[in-house]
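here are the coordinates; sequence isn't available:
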């Protein structure tokens, strides 16, 4: 845990990566994924210097890409994309003086999702999309469930214990939600998305049990089975 507010800087990220590699050197890292605020000249230089470290990092629409003759913003390079369309440039482009491969997707709000990678890969956008699960997890911990930040804990050891408990609670709520959705599928709203997530369905169910425990003892012991590995 960083002893400061805000994002990490390049040196802090480098130290984190090197510590991770030292601890888990026997495991292969498929790729590092990060959003736009976690990119910079020195960070990109470091990542490209690591032959075993692939990455999928989003860049801003205003970043300039060079093809050896001209420099154009990503917004212009991919201006032809319609909503839902994607494109992967077959040749490298130069970003901040470094050659990278570029993929882009036009999102539903007409904004552009542009991702860079060190090597050509047709799954670059889909790989980056895996971050959504992480963002969802952060949302559950911070605001849409457990309100972690309301604890105002800063001691790393106490936070570690709390994260362990929240992880168990998250798994419990999700497994409960899966069970509920099998009996009664979550309704689909007019925009085509579910009315609530599987986690939220399970979380609300468990919360209702604890609010009136005497009336829901049977439901509690039934849900408790989802914590078992057997």
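Yep, that arrived. Computed from a predicted model, the values in this text were never measured in an experiment.

buried set for the lowest-mean-pLDDT helix or strand in the chain?
Across the helices and strands of the chain, mean confidence by mean pLDDT, DSSP states H and E is lowest for helix 131-142: a mean of 82. Within helix 131-142, the residues that count as buried by 16 or more other CB atoms under 10 Å are 140, 141. In this view, the C-beta of every residue, glycine as well, is placed from N, C-alpha and C.

pull the distance from it to the chain's centre.
Distance of helix 131-142 from its chain centroid, counting by CA atoms, centre = their mean, to the nearest Å, is 6 Å.

other SSEs contacting that helix?
Helix 131-142 is packed against strand 32-34, helix 156-183, with contacts defined by 3 or more CB pairs under 8 Å, 6 or more residues apart in numbering; DSSP states H and E.

so can I have TSV of these showing mean neighbour count?
As requested, those are exported to TSV (neighbours: other CB atoms under 10 Å):
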stretch	mean neighbour count
strand 32-34	17
helix 156-183	15
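
I'd like these as a markdown table, with mean pLDDT and distance to residue 13 appended.
Compiled in a markdown table, those are given as follows (pLDDT from 0 to 100; distance: least, CB to CB, whole Å):
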| stretch | mean pLDDT | distance to residue 13 |
| --- | --- | --- |
| strand 32-34 | 88 | 9 |
| helix 156-183 | 88 | 18 |
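
nearest to residue 112, of those?
strand 32-34 (17.2 Å; CB to CB).

which other helices and strands contact the closest one?
For strand 32-34, the packing partners by 3+ CB pairs under 8 Å, 6+ apart come out as strand 55-59, helix 131-142.

hmm, residue 196 and residue 144 touching each other?
No: applying CB atoms under 8 Å as the test, residue 144 and residue 196 come out as separate, 10.3 Å apart.

save the helices and strands packed on strand 32-34 as a markdown table, and put in distance to residue 44 too.
A markdown table is the format used below for these (distance: least, CB to CB, whole Å):
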| stretch | distance to residue 44 |
| --- | --- |
| strand 55-59 | 8 |
| helix 131-142 | 18 |
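
how about the strands in this structure?
32-34, 55-59, 64-66, 71-73, 86-88, 93-95, 98-106, 112-117 (DSSP state E).

which strands and helices lie in contact with the third one?
Where contact means 3+ CB pairs under 8 Å, 6+ apart, strand 64-66 is packed against strand 71-73, strand 93-95.

who's in contact with the first one?
Right, strand 71-73. 61, 62, 63, 64, 65 (CB atoms under 8 Å, 6 or more residues apart in numbering).

buried residues in that strand, which are they?
residue 73.

one more: the last one?
Within strand 93-95, the residues that count as buried by 16+ other CB under 10 Å are 93, 95.

check stretch 144-152 too.
So, applying 16+ other CB under 10 Å, buried residues of stretch 144-152: 145, 146, 148.

just those residues now: which is nearest residue 108?
Once CB to CB is applied, the member of the buried residues of stretch 144-152 that ends up nearest residue 108 is residue 145, at 25.1 Å.

residue 202 versus the closest one, what's the distance?
Residue 145 is 10 Å from residue 202, where distance means CB to CB, to the nearest Å.

now swap in residue 182 and tell me
Between residue 182 and residue 202 the distance is 12 Å, computed by CB to CB.

same deal with residue 94?
Residue 94 sits 48 Å away from residue 202, going by CB to CB.

repeat for residue 151
Taken as CB to CB, the span from residue 151 to residue 202 is 22 Å.

what do you get for residue 226?
Residue 226 sits 9 Å away from residue 202, going by CB to CB.

lovely, talk soon.
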